[in-house]
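*Asks:* coordinates for the following, if possible.
(one chain, ligands or ions: 1)
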Amino acid sequence: MKSPEEKKDIRDLGLDELKAELEAMGEPAFRAIQIFDWLYHKGASGFSEFTSLSKDLREKLASRFRIGALELADRRDSGDGTVKLLFRLNDGAFIETVLIPAGRRLTVCLSTQVGCKFACAFCASGLHGFTRDLASSEITGQVLYLQHSLGLDLTNFVFMGMGEPLDNWANVEKALRIMNAPEGLGIAARRMTVSTAGYLPAFKRLEALDLQVNLSLSLHAVTDRLRDKLMPINRRFPLEDVVRAAEEYIRSGGRMITLEYIVICGLNDSLDDADGLAAIARRLRAKVNLIAYSPVEGQAFETPTEADVARFKRWLEERKVNTTLRLSKGTDIAAACGQLAGRFKRSKP
Ligand code: SF4
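*Replies:* As a prediction, the model looks like this:
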């Protein structure tokens with residue numbers, strides 16, 4: 001009998017992989033659909049709950065697999081409705097998941113890695129380096145916790161929390177498939193958005209994906225000079241190469257891209273920046289989503305005033321760019337990516 005730590009989390013298996021495992025155990029493959037029903041529709045947390053399966057099969061499953069669970073370590077509720085959840089994983093690492101309500105929408109921002117390799121200067125997730133990739137079960141586990149433990153009706157799912165999703169593609173792809181499958185979480189692909197900081201292989205990987213998920217490109221600077229400083233990934237994959245890859249991605253699949261742009265006071269909010277951003281947005285026929293920089297401990301950047309951001313937005317609109325403004329949410333609870341996990345990690349022995 002394997003110890004719990006040695007057992008594989010059954011939620012790390014895609015539907016076809018689970019069918020293959022069952023066949024190897026001498027069980028019919030269709031049992032995989034019943035198991036998915038218990039895991040993803042009913043949110044079961046133990047094999048003993050799988051009452052539509054025989055006791056014998058439940059015992060066989062329990063001897064081979066475990067059903068992991070995220071442990072809630074902290075919760076911060078902001079005055080503006082944003083909620084940040086800090087989860088402790090099996091190995092003691094921490095990740096964050098953020099809930100962002102807006103009108104009828106309830107968006108969840110999911111983490112894909114513990115920390116991040118890419119060390120963007122404005123981001124708390126990159127401050128403390130990279131620890132490890134999340135397993136697909138730890139990605140879907142964030143959604144399951146919100147749906148089943150908190151009973152929330154989530155509408156939108158963005159992979160924009162801790163980590164670069166395209167740097168953990170195998171597990172993110174599996175999580176996307178389980179989230180989308182009717183036998184899994186049954187979430188429409190158009191309600192899921194994967195973001196990238198400009199990791200060049202991202203475009204080919206998403207092009208090859210047969211799910212129409214949305215792609216969001218975090219731009220934040222429109223010259224290599226500034227982008228090299230703000231986002232070190234730009235030294236590996238320079239801006240023009242990324243924009244060309246994005247053009248090719250759009251041409252090949254006819255899909256739209258959203259450009260994310262954090263407005264930082266006095267750094268990337270000039271008229272020249274607006275001109276550069278408008279030129280890229282027009283090349284990609286992309287919508288721009290502006291976000292006012294949210295202060296992060298230990299960083300010297302300045303938050304722009306509402307008037308500064310409104311002026312920047314107006315410049316883009318005058319240049320015929322479809323622009324939305326996402327107000328910084330949850331600044332009172334350190335809701336920007338990675339801030340709470342960083343604080344928690346530092347406050348622990
Ligand atoms: S912005 Fe994204 S890619 Fe950059 S350090 Fe943060 S998590 Fe990593």
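*Asks:* give the contact list for whatever residue of the stretch 151-300 of the chain ends up closest to the ligand.
*Replies:* Of all residues in the stretch 151-300 of the chain, the one sitting closest to the ligand is residue 197 (3.7 Å; CB to the nearest ligand atom). Placement of C-beta: from N, CA and C, glycine included. The contact partners of residue 197, taken as CB atoms under 8 Å, 6 or more residues apart in numbering, are 118, 120, 164, 218, 231, 233.
*Asks:* wait, isn't the third one in contact with residue 113?
*Replies:* Yes. Counting by CB atoms under 8 Å, residue 113 is a contact partner of residue 164 at 7.0 Å.
*Asks:* assign a three-state SS to the closest residue to residue 36 other than its chain neighbours, would you?
*Replies:* The spatially closest residue to residue 36, leaving aside those adjacent along the chain, is residue 183, at 4.4 Å (CB to CB, 6 or more residues apart in numbering). Per DSSP: H, G, I helix; E, B strand; the rest coil, the secondary structure class of residue 183 is coil.
*Asks:* tell me how many other residues crowd residue 183.
*Replies:* Residue 183 has 17 neighbours, counted by other CB atoms under 10 Å.
*Asks:* surely it is in contact with residue 40?
*Replies:* Yes. In terms of CB under 8 Å, residue 183 counts as a neighbour of residue 40; the distance is 7.4 Å.
*Asks:* circling back to that earlier point, okay, and the common contacts of residue 164 and residue 113?
*Replies:* In contact with both residue 164 and residue 113: no residue, using CB under 8 Å, 6+ apart.
*Asks:* what separation is there between the residue of the stretch 151-300 of the chain closest to the ligand and residue 15?
*Replies:* 31 Å (CB to CB, to the nearest Å).
*Asks:* and for residue 276?
*Replies:* On the measure of CB to CB, residue 276 and residue 15 end up 45 Å apart.
*Asks:* repeat that for residue 127.
*Replies:* 38 Å.
*Asks:* do the same with residue 292
*Replies:* The gap separating residue 292 from residue 15 is 42 Å, by CB to CB.
*Asks:* who's more crowded, the two?
*Replies:* residue 292 (21 against 17).
*Asks:* beta partners of that one?
*Replies:* Note on residue 292: beta-bridge partners by DSSP bridges are residue 263.
*Asks:* all helices of the protein, in order?
*Replies:* 15-24, 31-36, 55-64, 124-127, 136-144, 169-180, 201-208, 224-230, 233-236, 239-253, 271-284, 306-318, 339-347 (DSSP state H).
*Asks:* okay, now the nearest residue to residue 194 once chain neighbours are set aside: neighbour count?
*Replies:* Distances taken as CB to CB, 6+ apart put residue 159 closest to residue 194, at 4.7 Å, once the chain neighbours are dropped. Using other CB under 10 Å, residue 159 has 26 other residues around it.
*Asks:* so what's residue 159 up against?
*Replies:* Taking CB under 8 Å, 6+ apart as the test, what residue 159 contacts is 110, 112, 165, 172, 192, 193, 194, 195.
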